[in-house]
Structure formats: C-alpha cells, structure tokens
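Asker: predicted coordinates and the sequence they were generated for:
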Amino acid sequence: MYVDVHTHLTHDRFRDCLEDTVARAQNAGLGAIVVNGLEPNSNREILSMAARHDIVKPALGIYPVDAVCNQLPDDFELQVRRFDVDAEIEFISEQATSKRLIAIGECGLDGYWLDADTHAEQERVFESLVDIAMQNQIPVIIHTRKMEVRAAEILRHLGARLVDFHCYGGKVKNAIRWANEDGWWFSIPANARRNEAFTKMLRELPPERILTETDAPYLAPERDGLNEPANVVGTVAYLAELRDWTVSQAKMRIWENYTELFANG
C-alpha cells in the first residue's frame, strides 16, 4: 500500500472536499494518511477526523511559530492565534499516553519566520514534544527551516531514534549522514520531480530511510496546484525510476519503512 506520512487535511482548502479527497486516496491504494497538527484547533479536528476515517492516523503537534505565539508582536506578518502552549503540551501528552496517536508532530525549529529572540522558547517546546514521543515510543515528525543542524543536535542530545524529517530543506549531505549514523527517516514531498534536492534524496538516501508525504495542500506535483494524499503515487513511481526498481518494489519498500517507524502508533 501507499502512505502519506505528513499532510494537513484540516486546512480550509479541504473544507468542502474532505470526503472526496479521502476517497481518492483510498482508491489510489493508500493504506494510511498521517494528518499532522499545528495548534489546538487542528489537533482536535484531527482526532475527530481519525474517529470518522480509519485511514486517517492522528499526529498532534505544535508548529514552531505557534509554539511562540505569546511572544509574537501584534503586527507579525503571519496570522497566529494565542493559546496556552503548556496546556496544549499537556493535552498532547495525555492523548499519547492514552494510545490515541500514531506520532507527535509536527514540531521543530524555524529560523525563517522567527528571529533569535524566540529560539529558547522554540527549543523548550520542541524538547517537550520530543520527550513525549520518546516516553510513548512513537515517532516525532520534524519541521525545520534554516535550523536543521540545531534540530539534529537537540535530537541527538535527547537520544531520539524514531524521527522523521518532513520536507527537509537543509543540506542533503547532512540528511544522508543522519540517516546512516542516527537511523532517522526523511519523507519526500510530491513535488520531487521538479526539486533537485528531493530528487537527490530519493536517489541517495539509504532506501530503508525514505518515506513519502505530501504536506498537502502545499507542494503539489504541478506548481500552484492543490496537493492531496493520492499524489504520493507519483513520488513512488519516481523513486522506482531513479533506483531502477519496479513500482511494486518501490511501493513495498516505502510501506515497510512506514510500518517500521510507526510500529507502536
């Protein structure tokens, strides 16, 4: 079966087409769609969605920008709602302890939208969420932007092993090194055919450390298109081309990687 380990079906662009989107994923042969949370509203919507659809697997998290929502100025360029971050960390912990989650995520560090004044709080929230994942022996799904090396340092310091870097944008040589030395996974989006770095990762990462994702509704195969979980089928076909495998071999490899990483979820 195919799998999408990182998507945002809670996005407004799926509001009127969620059922059709899930049906297309099932018809395309997906066995799992891991929907990732960002803040309290999406986290709770994901739990409700997972209760309605067996294919939807819940991962709850706090996006780095949301993690520092209470430090942001009123004129911050993104629209970010304020909430009690520590209460949400506790809620996520309760859900993980109750075995309702397949993973923690997304979470991580962001140096693109956020400046150094927020780094300490970003790291505090990140470490708290990684700790929840480790305590419950489930994966942590990582968002990093401009801070990939620092995120890796924290993960290594904490001893995290069940790690997936989603839509990794750092140096490919680091991804390959961390996959080999630390055993971490990297999920490749559906726009890989038009992205040199993602193509290189599909070609050069250890095959047992590759996963597929969409980050839907973003990063569609066609520029500016609406992405959806069914599009992982194209990424698997591209992997097969790059590795000189059959599509069946590529699909089986990715599914085995998914079941290994998410075995306890």
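Answerer: Okay, I see it.
Asker: could you pull out the helices for the protein?
Answerer: Along the chain, counting by DSSP state H, helices occupy 18-28, 40-52, 64-67, 85-97, 119-135, 148-158, 172-182, 196-204, 232-243, 247-261.
Asker: return the most buried member of those.
Answerer: Stretch with highest mean neighbour count among the helices of the chain: helix 64-67 (a mean of 26; mean count of other CB atoms under 10 Å). For the C-beta atoms, the positions are set from N, CA and C on the backbone; glycine is no exception.
Asker: output the helices of the chain as CSV; include the columns mean pLDDT and distance to residue 107.
Answerer: Supplementary listing: those in CSV, determined by pLDDT from 0 to 100; distance: least, CB to CB, whole Å:
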stretch, mean pLDDT, distance to residue 107
helix 18-28, 98, 24
helix 40-52, 98, 11
helix 64-67, 98, 7
helix 85-97, 98, 9
helix 119-135, 98, 4
helix 148-158, 98, 10
helix 172-182, 98, 17
helix 196-204, 98, 21
helix 232-243, 98, 22
helix 247-261, 98, 16
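Asker: out of those helices, which gets nearest to residue 4?
Answerer: Minimum separation from residue 4 across the helices of the chain (CB to CB) falls at helix 232-243, 5.0 Å.
Asker: check what pLDDT residue 264 gets.
Answerer: Looking at residue 264, its pLDDT stands at 79.
Asker: just the CA atoms of stretch 114-127, as PDB, please.
Answerer: Only the C-alpha atoms of stretch 114-127 are listed here, as PDB (Å, rounded to 0.1, in the frame of the first residue of the first chain):
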ATOM      1  CA  LEU A 114      11.300  33.800  13.600                       C
ATOM      2  CA  ASP A 115      14.300  35.600  15.000                       C
ATOM      3  CA  ALA A 116      16.900  34.600  17.700                       C
ATOM      4  CA  ASP A 117      14.800  36.100  20.500                       C
ATOM      5  CA  THR A 118      12.400  33.200  20.100                       C
ATOM      6  CA  HIS A 119      14.900  30.400  19.900                       C
ATOM      7  CA  ALA A 120      15.000  29.500  23.600                       C
ATOM      8  CA  GLU A 121      11.200  29.100  23.800                       C
ATOM      9  CA  GLN A 122      11.100  27.200  20.500                       C
ATOM     10  CA  GLU A 123      13.600  24.800  21.800                       C
ATOM     11  CA  ARG A 124      11.800  24.400  25.100                       C
ATOM     12  CA  VAL A 125       8.500  23.400  23.300                       C
ATOM     13  CA  PHE A 126      10.400  21.200  20.800                       C
ATOM     14  CA  GLU A 127      12.200  19.300  23.600                       C
END
